[in-house]
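Undergrad: here's a sequence, model it:
(2 chains)
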Amino acid sequence: GQQVMQIPQYQHVQEGEDFTTYCNSSTTLSNIQWYKQRPGGHPVFLIQLVKSGEVKKQKRLTFQFGEAKKNSSLHITATQTTDVGTYFCAYAGGTSYGKLTFGQGTILTVHP
Amino acid sequence: KAGVTQTPRYLIKTRGQQVTLSCSPISGHRSVSWYQQTPGQGLQFLFEYFSETQRNKGNFPGRFSGRQFSNSRSEMNVSTLELGDSALYLCASSHGTNSPLHFGNGTRLTVT
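TA: Have a look, this model is predicted:
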């Protein structure tokens, strides 16, 4: 079935450095969602992108959806220790209430 | 508004036993979906329910089943437990089509 590949799998940064995770699909996606899971926690919704070329910002986080709707990225500017966790991209295929296909996630470690 | 509530938080079972996990969605959310999270396979979709009807099912054996009640609460059952069923089982509720998922804290199942 349709999958999304997420890279990198791990990222270690010093506090204050930037961080980017990428999500790639071989087919066009109708939408992309991003979630963050803190260590020991559960995934928490961050944002949803649906339009080609869409860019959304949340404070230090910038989310992009590619022009071809086959890739997406999450960029964090000047990371903080509170940014530690696993970032997942996910998409809902067709008309779905709760069925998402998740990427493998990028585990972010921030060294103070 | 109360979040998604999952019980129990932790379970230890023996191979061959069966287990039932419970999930109470956010008030007003009629969609409930279940996910299995393991270090090796990541987040994998099990099934989703809307108004007591199973709308989608993931690629899991028939030992995994679920149901939803008229008050939108949901249960999932795993029969004849195997070691590989050890995982974090997450329940999520959502408001409508392609809406963000709100996850519970999960049930950590250990099969010995």
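Undergrad: for residue 15, what are its contacts?
TA: Chain wasn't specified; assuming chain A. A:79-81, A:110-112 (C-beta atoms under 8 Å, 6 or more residues apart in numbering or on different chains). No exception for glycine: its C-beta is placed from N, CA and C like everyone else's.
Undergrad: try chain B instead
TA: By C-beta under 8 Å, 6+ apart, the contact set of B:R15 is B:81-83, B:111-112.
Undergrad: for the spatially most central residue of chain B, list each beta-bridge partner.
TA: A centroid search over chain B (C-alpha atoms, centre = their mean) returns B:W34, at 3.4 Å, as the residue closest to the centre. In this entry, B:W34 is beta-bridged to B:F47, B:C91, by DSSP bridges.
Undergrad: give me the nearest residue to the residue in chain B that chain A sits nearest to, chain neighbours excluded.
TA: Taking C-beta to the nearest C-beta, chain A has its nearest neighbour within chain B at B:S33, 2.9 Å off. Spatially, and ignoring its direct neighbours in sequence, B:S33 is nearest to A:G98 (2.9 Å; C-beta to C-beta, 6 or more residues apart in numbering or on different chains).
Undergrad: can you check B:S94 too?
TA: Counting by C-beta to C-beta, 6+ apart, B:S31 is the residue found nearest to B:S94 once chain neighbours are left out, at 4.7 Å.
Undergrad: return the residues of chain B in contact with chain A.
TA: B:31-33, B:42-45, B:48, B:50, B:55-56, B:58, B:90, B:92-94, B:96-106 (C-beta under 8 Å from any C-beta of the partner chain).
Undergrad: now the buried members of the residues you listed.
TA: B:31-33, B:42-45, B:48, B:50, B:55-56, B:58, B:90, B:92-94, B:98-106 (16 or more other C-beta atoms under 10 Å in any protein chain shown).
Undergrad: all good on my end, thank you.
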